[in-house]
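Novice: what follows is a protein structure lacking sequence information:
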């Protein structure tokens, strides 16, 4: 569906994407993860065939976005990071008018618009003004709009940013159903739970480059240990505690409130710590998550 | 339901007209939403101008037709110029804030560009809508003015109307090109104060540009609005100097073409970075 080789994007002297290779296959859910400024959105805009590439090669649905932009866009669904719904129009008209941009017949667009409102559970809001919708409803409407042309490929740029947990889960359910209906999904996110829930495969981007690639499971196996032991020595004692357990794990992280020991056997780490006479106030053993991978790869430093 | 793409053949690359026509439903809803406000600004306000300046103020003005470019009364002189400058004002109004809104505030253009539509199609449809606004406003205006007995033939006002539409398109495309290069609406203040207002006052709508003196008269002749005012007046008063009319039309058409080109390149640069 998507093939990129050495794909680059510059804005003046600033290089947002510094040469990435990506392959997205039909029917899969593919994720771009990364902190702010990693180049995810720039990559998405190039894939959406609205931003010319600076260098490298990009094929979308087998076509070159430079020459076949309109044809490619005709087969894409795009759910942008910022809502671009028309606030002056009601819910139904937002779908209807957008569908007409694709050159679809009026009757067909009306029929699909009603089906999609049903799908995103907005049928009751059919005549409502977009302004009066909640953030979650707007996002669902945006997703419905992006499906009006029955796209082969659906692009979602941070689909659940800013939504409350209920709205997020509802959206995830809907995206999951879409995937099962055979729609190829490409999404960006900085929520690790979202990536774990939705993505078959993903890449982690940092500073314009891909730093890791694989399924969530593979990434955890490759870039983290099976388990993580969390030891809380109390404020001010975590640094010294960390030094004394440093050899117990493959990797150690001392945070202000706790020490993370990355190991394949968390219970053993804790047992050995106790053998050494350490008495952490609280301990916890958990499985490694994608978040551990993410932080290991992109660091804890804030990038804004 | 069929969520995955299968049955619908979506047409990608389109001709220049198809792309613009696909936005018909959108602009139709914009029209339905704004026409009431448009009636006030398009018909009522200019009518006040005609009554106040043409009839009431004009009542004090007695001049030889030679001094009024062939008009038998000040009212007959001022009407074709007023409609032409009104065409300019509608065009400028429709291509400043609404266009910036579609880029910056409502992001309508971004949504449109995510579909098979191209920048060229966006510009064509938007300018098409402005043309409709200008054409309908000027047509009604001219019809309302007909009973005042200011037109010298039946076909002249029709051609005058065409030239008013041309004025509108000339300014719409030039100002569109200006707006897509603006980062904030502050540029519009400059446009109005240094562009629209002086053009309205000094391009021959209210008085013959001969009154400006030889140097300024030539400056006035270089402004696009004068070409429109002159066309509109020659046709209305049946005093057509055909070679001059050809020059007027040529200037307006050429500026429209340049403005259109700059609009497409400017908007592409703005949206497709």
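Specialist: That came in fine, so what should we check first? Quick caveat: nothing in here was measured; it's all calculated off a predicted structure.
Novice: low-confidence stretches in the stretch 1-150 of chain B?
Specialist: The model of the stretch 1-150 of chain B has pLDDT under 70 over residues B:1-14.
Novice: how about the helices in it?
Specialist: Along the stretch 1-150 of chain B, counting by DSSP state H, counting those that start in this stretch, helices occupy B:16-21, B:24-39, B:45-49, B:74-95, B:97-100, B:108-113, B:119-145.
Novice: now the stretch 151-300 of chain A
Specialist: Using DSSP H, counting those that start in this stretch, helices in the stretch 151-300 of chain A cover A:165-180, A:192-198, A:216-223, A:238-245, A:266-275, A:290-298.
Novice: need the helices of the stretch 1-150 of chain B in JSON lines (columns: distance to chain A).
Specialist: The C-beta positions use only the backbone N, C-alpha and C, and glycine is treated the same way. JSON lines is the format used below for these (distance: least, C-beta to the nearest C-beta, whole Å):
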{"stretch": "helix B:16-21", "distance to chain A": "7"}
{"stretch": "helix B:24-39", "distance to chain A": "5"}
{"stretch": "helix B:45-49", "distance to chain A": "24"}
{"stretch": "helix B:74-95", "distance to chain A": "16"}
{"stretch": "helix B:97-100", "distance to chain A": "11"}
{"stretch": "helix B:108-113", "distance to chain A": "4"}
{"stretch": "helix B:119-145", "distance to chain A": "9"}
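Novice: for those, which one ends up most surrounded?
Specialist: A comparison of the helices of the stretch 1-150 of chain B by mean neighbour count, using mean count of other C-beta atoms under 10 Å in any protein chain shown, puts helix B:74-95 on top with a mean of 26.
Novice: would you mind listing what in the stretch 101-250 of chain A touches chain B?
Specialist: A:101-104, A:108, A:115, A:118-119, A:147, A:149-152, A:177-178, A:181-183 (C-beta under 8 Å from any C-beta of the partner chain).
Novice: try it again at 10 Å.
Specialist: Residues of the stretch 101-250 of chain A lying near chain B by C-beta under 10 Å from any C-beta of the partner chain: A:101-106, A:108-109, A:111-112, A:115-116, A:118-119, A:142, A:145-155, A:174, A:177-184.
Novice: what is the burial count for residue A:32?
Specialist: 27 (other C-beta atoms under 10 Å in any protein chain shown).
Novice: next: residue B:270.
Specialist: If you count neighbours by other C-beta under 10 Å, residue B:270 ends up with 17.
Novice: in terms of pLDDT, where does it sit?
Specialist: Here, the pLDDT recorded for residue B:270 equals 93.
Novice: check residue A:269 too.
Specialist: 86.
Novice: what's the first-to-last distance across stretch B:32-46?
Specialist: Distance between the two ends of stretch B:32-46: 22 Å, counting by C-alpha to C-alpha, to the nearest Å.
Novice: please enumerate residues in contact with that stretch?
Specialist: A:88-89, B:31, B:79, B:82-83, B:85-86, B:89-90, B:93-94, B:98, B:133-134, B:136-138, B:140-141, B:143-145 (C-beta atoms under 10 Å, 6 or more residues apart in numbering or on different chains).
Novice: swap the cut-off to 6 Å and go again
Specialist: Residues from elsewhere that reach stretch B:32-46 (C-beta atoms under 6 Å, 6 or more residues apart in numbering or on different chains): B:86, B:137, B:140-141.
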